[in-house]
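1. got a predicted structure plus its sequence, pasted below:
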Amino acid sequence: MIRALKGKGLVLLLSGLLLTSSLSYGKTVDANKKEENKDSIGFISNIKQLKEMSDIMDLLRENYVGDKEPTRATLLHGALKGMLESLDDPHSNYFTAEEMESFQEDIKGKYPGVGMVIQKKPDEPLVVVSPIEDTPAYNAGLKAKDKIIAIDGDSTYKLTSEQCVKKLKGEPGSEVKLTVYRDSAKETKEVTLKRAIIQLKYVKSRMIDKNIGYLRLTQFGENVYPDVRKALEGLQKDGAKGIVLDLRSNPGGALDQAIKIASMFIKDGRIVSTKGKVGEEQVSNRTGKYYGDFPLVVLINEGSASASEIVSGAIKDHKRGLLIGEKSFGKGSVQTLVPLPDGDGIKVTIAKYYTPSGVCINGTGIEPDVKVEEKDDFLFFDGFVTNINEAETKANKNEIIKEIKGKKEADKMKKKEDLQLEAAISTIKAMLAEKNN
């Protein structure tokens, strides 16, 4: 599931990092460009190519024989889609007006679907960036970097990311069948998900020891900082002397929220910087209230992407806390969605971001300070059944047994030991003991 948020004048995508920015249409020219390239951008320079595209549109409309006659609009949309796909960038796409409306639906933080962030490259299968916590995809055991090779029997290799999203969405209660390949298991599984209304709840917190607070952030949603601030202040009021910040399977979100949340834990200096095609590096330094030099552990895994990597990267580079878990996803590019006059739009990668030490983690991810692998944290590859509704299976005795088994296994999984969290708690206790000596 690709998510979206609205920035000032633009809609900014949560398939990775979100950035409030604006684009100029070729009016800004790098002073260092050679003279012959000064007029390489703009309508006049593109006349020859535009005429060729117009001629092809006329040729197709006059000669093409098929079940459906192409219109100028459909041909133009196809050309625009092809332009973006030619960039060989899974995060740069063209959106029809209908797809833009779907994003508006997503902006509200409540939508019908299965609950996951996805990534798609041309001629490759759909890849899960991260399942969203407490959603059908999460509960069924889908994992970051799982490859969805088919949706309801239709191969995803030839589908665009938007077509995949459309297939994954549907009426709450309806089912969608996914064919999923997992590299680590070297096997393919059929997984049936029941669509639901996905209501995003970004912040969870609780005391897990008399002086250790647990703060879980599932996504860097628009204006989530006040909720994180309230949760952290509540934990400190309850006696927390050390904090576990859980960013596992957090697919990212708004850049400004990542900066504000990282600033809560970092006293001075740079949080992140971005570099576009032209212009100077844009540096974002810490801002807002600093909440103290308490022991801090950040949990990450391969589903921690984008804004999660900004926060964890800043904390690691500043040596403010320890990262425990598994290597993060490696999403270090910036996209923006530009609305077009006809209601459609384009999403395009406009920059890459860098951690305070100047490292771009795009495609590589962030290594934890302490590696703790969670080998059995996802359900369906272990043969557990969790997404069957007992009310719909009473007609079949075997299905009832299957449902009961699934519920028991699901409850068992909820109670199982969280190795990464246990490692974080032990580390915080050691830090506190050292601090008190």
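-> In hand now; what should we look at? This one's a predicted model, so the numbers in the text were calculated from it and none came from an experiment.
2. C-alpha only now, for contacts and for neighbours.
-> Will do.
3. the stretch 151-300 of the chain: strands as residue ranges?
-> According to DSSP state E, counting those that start in this stretch, the stretch 151-300 of the chain carries its strands in the segments 154-155, 175-182, 187-194, 196-199, 203-209, 212-217, 242-246, 270-276, 282-285, 296-300.
4. quick one: which of these is nearest residue 362?
-> Each of those was checked against residue 362 via Cα to Cα, and the shortest separation belongs to strand 270-276, namely 12.3 Å.
5. using PDB, write out the CA atom coordinates for that closest one.
-> Only the C-alpha atoms of strand 270-276 are listed here, as PDB (Å, rounded to 0.1, in the frame of the first residue of the first chain):
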ATOM      1  CA  ARG A 270      22.700  18.200  12.200                       C
ATOM      2  CA  ILE A 271      19.800  15.800  11.800                       C
ATOM      3  CA  VAL A 272      19.800  15.300   8.000                       C
ATOM      4  CA  SER A 273      20.700  16.900   4.800                       C
ATOM      5  CA  THR A 274      19.300  16.600   1.200                       C
ATOM      6  CA  LYS A 275      20.900  17.200  -2.200                       C
ATOM      7  CA  GLY A 276      18.900  17.700  -5.400                       C
END
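6. mind checking how far it is from the chain centre?
-> Computed by Cα atoms, centre = their mean, to the nearest Å, the separation of strand 270-276 from the middle of its chain amounts to 19 Å.
7. for the strands of the stretch 151-300 of the chain, give me CSV that also has mean neighbour count.
-> Conversion of the strands of the stretch 151-300 of the chain to CSV gives the following (neighbours: other Cα atoms under 10 Å):
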stretch, mean neighbour count
strand 154-155, 16
strand 175-182, 19
strand 187-194, 17
strand 196-199, 18
strand 203-209, 16
strand 212-217, 23
strand 242-246, 25
strand 270-276, 21
strand 282-285, 14
strand 296-300, 26
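8. mind listing what's buried in stretch 130-141?
-> Buried residues in stretch 130-141, counted by 16 or more other Cα atoms under 10 Å: 130, 131, 132, 133, 135, 136, 137, 138, 139, 140, 141.
9. distance of residue 288 from residue 256?
-> Using Cα to Cα, to the nearest Å, one gets 12 Å for the distance from residue 288 to residue 256.
10. in this protein, which ranges drop under the pLDDT threshold?
-> Across the chain, the ranges flagged by pLDDT under 70 are 1-39, 102-109, 375-416.
11. got phi/psi on the most centrally placed residue in it?
-> With distances taken as Cα atoms, centre = their mean, the residue of the chain nearest its centroid is residue 251 (3.3 Å). For residue 251, the backbone dihedrals are phi -80, psi -10 (criterion: degrees, to the nearest 10).
12. verify the contact between it and residue 301 for me.
-> No. Under the criterion of Cα atoms under 8 Å, residue 251 is not in contact with residue 301, lying 10.5 Å apart.
13. about what we covered before: residue 288 and residue 256 - which one has more neighbours?
-> Between residue 288 and residue 256, counted using other Cα atoms under 10 Å, the more crowded position is residue 256 (18 against 11).
14. hang on, the earlier thing: now the residue nearest to the centre of the chain: closest residue in space, sequence neighbours ignored.
-> Ranked by Cα to Cα, 6 or more residues apart in numbering and with sequence neighbours excluded, the top spatial neighbour of residue 251 is residue 305, at 4.7 Å.
15. show the contacting residues for that neighbour.
-> For residue 305, the set of contacting residues under the criterion of Cα atoms under 8 Å, 6 or more residues apart in numbering consists of 16, 129, 249, 250, 251, 252, 328, 329, 330, 331.
16. again, 10 Å this time
-> Counting by Cα atoms under 10 Å, 6 or more residues apart in numbering, residue 305 makes contact with 14-17, 129-130, 144, 219, 247-253, 312, 328-332, 362, 365-366.
17. returning to what we had before: what residues are shared contacts of residue 251 and residue 301?
-> Overlap between the neighbourhoods of residue 251 and residue 301 consists of 130, 144, 329, taking contacts as Cα under 10 Å, 6+ apart.
18. out of those, name the ones that lie in strands.
-> The strands in this structure, assigned by DSSP state E, contain residue 130 from the shared contacts of residue 251 and residue 301.
19. re earlier: distance to residue 156 and secondary structure added to the buried residues of stretch 130-141, as a markdown table?
-> Written out in a markdown table, the entries for the buried residues of stretch 130-141 read as follows (distance: Cα to Cα, whole Å; DSSP: H, G, I helix; E, B strand; the rest coil):
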| residue | distance to residue 156 | secondary structure |
| --- | --- | --- |
| 130 | 18 | strand |
| 131 | 18 | strand |
| 132 | 21 | coil |
| 133 | 24 | coil |
| 135 | 22 | coil |
| 136 | 20 | helix |
| 137 | 17 | helix |
| 138 | 20 | helix |
| 139 | 22 | helix |
| 140 | 20 | coil |
| 141 | 20 | coil |
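20. which one of those is nearest residue 153?
-> The shortest approach to residue 153 among these belongs to residue 137, at 17.6 Å (Cα to Cα).
21. and that closest one, how far is that from residue 44?
-> Residue 137 sits 49 Å away from residue 44, going by Cα to Cα.
22. try residue 235
-> For residue 235, the distance to residue 44 under the criterion Cα to Cα works out to 61 Å.
23. and if you look at residue 141?
-> Here the criterion is Cα to Cα. By it, residue 141 lies 53 Å from residue 44.
24. now the helices for this protein?
-> Listed in chain order, the helices found in the chain under DSSP state H are 47-63, 72-85, 97-107, 136-139, 161-168, 225-237, 255-263, 307-317, 397-415, 419-436.
25. of the ones you listed, which is nearest residue 349?
-> With distances scored as Cα to Cα, the stretch of the helices of the chain nearest to residue 349 is helix 72-85 (10.2 Å).
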